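# coordinates only, no sequence provided:
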């Protein structure tokens, strides 16, 4: 998703109760650009080394690649969007609005085009003549 960073939230950290290793994560808010109704997305970067390497600042225009994962906490489910790649935004990254085309689930083998047969009248030709009218009355 491409957009502009509108918020850099406070970094959080701690020590894992399972491994005893320290951890750090930071969250950011990205707003879509160049759309009539922009969406906002909160995503996180996990690991102090990644936070420092990405060096995300408020006001930057970026393209963010992320993984989506859901987790359960006290009977409720939460989505987590974790960035794995951040690049400067370039207009070439902008999606091109194209009409939606239905895509088949699987490619069907090519079949020769058949000429459709003329449909039969549901009640036959009741007037007994050579009428092309398929209505029964």
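Arrived safely. It should be emphasised that the depicted structure is a prediction, and the values quoted were computed from it without experimental measurement.

# remind me which helix or strand the residue lying closest to residue 72 once chain neighbours are set aside belongs to.
Closest residue to residue 72 apart from its sequence neighbours, by CB to CB, 6 or more residues apart in numbering: residue 78 at 7.8 Å. In this view, the C-beta of every residue, glycine as well, is placed from N, C-alpha and C. Assigned by DSSP states H and E, residue 78 falls within strand 76-88.

# also residue 19?
In this structure, residue 19 sits in neither a helix nor a strand according to DSSP H and E.

# show me what contacts it?
Residue 19 sits next to no residue when contact means CB atoms under 8 Å, 6 or more residues apart in numbering.

# which pLDDT value goes with it?
Note on residue 19: pLDDT of 91.

# can you tell me how far it sits from residue 83?
Distance from residue 19 to residue 83, counting by CB to CB, to the nearest Å: 22 Å.

# repeat for residue 53
Distance from residue 53 to residue 83, by CB to CB: 11 Å.

# which one's more surrounded, those two?
Comparing residue 53 with residue 83 by other CB atoms under 10 Å, the one with more neighbours is residue 83, at 22 against 10.

# which ones are touching the more buried one?
28, 43, 44, 45, 54, 64, 65, 66.
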